[in-house]
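Asker: have a look; sequence and predicted model below, questions after that.
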Amino acid sequence: MSRSRKKLLHTLLLWLALLPGLVLIAFPLYITVVTAFKTPQESAFHFFAPPTSFYLENFQAVLSKNDFFTYIWNTVSILVVVILVEIIITPIAAYAIQRNQNKRYFAFLYAFIVCGLFVPFQVRMISLVQIMSSLNLMSKLGLVFLYLAATAPPAIFLIVAYMKSIPTEMEEAAIIDGCGPIRTYFSVIFPLLKPILATVIIKDSLFVWNDFQLPLIILNKSRASWTLQLFQYNFKAEYGFDYNLAFASFLLTMLPILLLYMLIQKHIVAGLSAGAVKG
């Protein structure tokens with residue numbers, strides 16, 4: 001068999017192996033999109049068929065009822081605060097740990113933080129609720145604290161591992177040029193962290209935006225503090241199992257996080273070369 005035929009066969013087998021995964025990902029997305037643009041009558045008779053016309057009243061109904069924009073604001077505000085605080089604190093902590101791992105205190109601190117990766121949420125859930133309730137933090141502020149506690153250990157773990165690829169000679173050169181520790185960090189180290197920070201932002205944004213369990217536990221006192229996930233959880237009962245409205249809500253909820261992904265994902269690759277040039 002010639003090399004070109006072997007390459008063609010390899011490509012064909014690769015696509016055949018990837019096809020089931022593609023179907024598993026694309027099919028639910030297809031159902032969400034087509035159902036959101038159908039009337040209830042059309043969905044009842046042709047559930048899997050594409051819509052005959054773009055029926056937009058489902059989206060109008062979702063946007064005009066039940067304080068939908070309030071739930072968007074709650075979710076976005078929580079997400080923005082968590083991400084901003086995280087990209088300020090976790091790189092500094094990771095920088096201090098990575099450059100001082102030979103010291104006993106920092107080695108212990110890193111091991112303590114990494115241990116947080118291996119404790120399941122179900123183990124911590126009851127004690128977390130008791131602590132947050134006793135501190136009167138069953139609110140959006142308390143939810144922000146919990147998200148920071150949940151996302152910080154994996155972020156620090158990833159950034160510490162990434163910093164091993166940044167040579168210390170760059171910092172030494174900056175110090176020789178008269179830079180202090182703070183200026184060295186912000187002028188030399190932080191720009192080089194753009195790829196891993198983009199990865200952390202995407203990963204944790206998906207987690208915060210799609211999380212249901214923590215808001216259900218912490219934000220169950222007031223409807224006004226609900227996130228989008230709680231709104232969707234109570235959606236079907238409120239609208240009498242109107243799947244067209246429900247899928248329109250799902251599609252509207254997906255759009256912001258998809259937009260964020262499209263805006264940031266290019267920095268995972270491009271950010272490394274950009275940071276190296278700045279360095």
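Answerer: That came through, no problem.

Asker: only C-alpha atoms from now on, for both contacts and neighbour counts.
Answerer: OK.

Asker: return stretch 104-115 as PDB; C-alpha atoms alone will do.
Answerer: What follows is stretch 104-115, C-alpha atoms only, in PDB (Å, rounded to 0.1, in the frame of the first residue of the first chain):
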ATOM      1  CA  ARG A 104       9.500  24.600  53.600                       C
ATOM      2  CA  TYR A 105       6.700  27.100  54.200                       C
ATOM      3  CA  PHE A 106       5.900  27.500  50.600                       C
ATOM      4  CA  ALA A 107       6.200  23.800  49.900                       C
ATOM      5  CA  PHE A 108       3.700  23.100  52.600                       C
ATOM      6  CA  LEU A 109       1.400  25.900  51.400                       C
ATOM      7  CA  TYR A 110       1.400  24.500  47.900                       C
ATOM      8  CA  ALA A 111       0.700  21.000  49.100                       C
ATOM      9  CA  PHE A 112      -2.100  22.300  51.300                       C
ATOM     10  CA  ILE A 113      -3.700  24.100  48.300                       C
ATOM     11  CA  VAL A 114      -3.300  21.200  46.000                       C
ATOM     12  CA  CYS A 115      -5.100  19.000  48.600                       C
END
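
Asker: any idea how this protein splits into domains?
Answerer: Domain assignment for the chain, taken from automatic domain parsing, gives 1-55, 57-278.

Asker: dump the ones you listed to JSON lines, plus mean neighbour count.
Answerer: Listed next are these as JSON lines, based on neighbours: other C-alpha atoms under 10 Å:
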{"stretch": "domain 1-55", "mean neighbour count": "14"}
{"stretch": "domain 57-278", "mean neighbour count": "16"}
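
Asker: could those domains be laid out in CSV, adding mean pLDDT?
Answerer: Formatted as CSV, these follow (pLDDT from 0 to 100):
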stretch, mean pLDDT
domain 1-55, 84
domain 57-278, 84
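
Asker: would you map the helices across the stretch 51-200 of the chain?
Answerer: Under the criterion DSSP state H, counting those that start in this stretch, the stretch 51-200 of the chain contains helices at 57-64, 68-98, 104-115, 121-134, 140-163, 168-176, 181-184, 190-192, 194-210.

Asker: need the contact list for Ser139.
Answerer: The contact partners of Ser139, taken as C-alpha atoms under 8 Å, 6 or more residues apart in numbering, are 218-219, 225.

Asker: tabulate the helices of the stretch 51-200 of the chain (CSV), appending distance to Leu22.
Answerer: Shown next, in CSV, are the helices of the stretch 51-200 of the chain (distance: least, C-alpha to C-alpha, whole Å):
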stretch, distance to Leu22
helix 57-64, 27
helix 68-98, 29
helix 104-115, 34
helix 121-134, 30
helix 140-163, 28
helix 168-176, 43
helix 181-184, 45
helix 190-192, 34
helix 194-210, 20
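
Asker: so which of those comes closest to Ser4?
Answerer: Between Ser4 and those, the tightest spacing by C-alpha to C-alpha is seen for helix 194-210, at 36.3 Å.

Asker: got the angle between that closest one and helix 140-163?
Answerer: 150 degrees (axes from the mean of the first three to the mean of the last three C-alpha atoms, to 10 degrees).

Asker: and after helix 194-210, which helix or strand comes next?
Answerer: Going down the chain from helix 194-210, the next helix or strand is helix 213-218, by DSSP states H and E.

Asker: and that following helix, what does it pack onto?
Answerer: helix 140-163 (3 or more C-alpha pairs under 8 Å, 6 or more residues apart in numbering; DSSP states H and E).

Asker: which helix in this protein runs the most residues?
Answerer: Ranked by residue count under DSSP state H, the longest helix found in the chain is helix 3-36.

Asker: tilt between it and helix 57-64?
Answerer: Using the same axes, to 10 degrees: helix 3-36 against helix 57-64 is 70 degrees.

Asker: against which helices or strands is helix 3-36 packed?
Answerer: helix 243-264.

Asker: who touches stretch 58-77?
Answerer: Residues from elsewhere that reach stretch 58-77, judged by C-alpha under 8 Å, 6+ apart: 36-37, 39, 140, 209, 224-228, 231, 244-245, 248-249, 252.

Asker: return the distance of it from the chain's centre.
Answerer: 20 Å (C-alpha atoms, centre = their mean, to the nearest Å).

Asker: how about stretch 243-252?
Answerer: Relative to the centre of its chain, stretch 243-252 is centred 21 Å away, using C-alpha atoms, centre = their mean.

Asker: can you check stretch 136-144 too?
Answerer: 19 Å.
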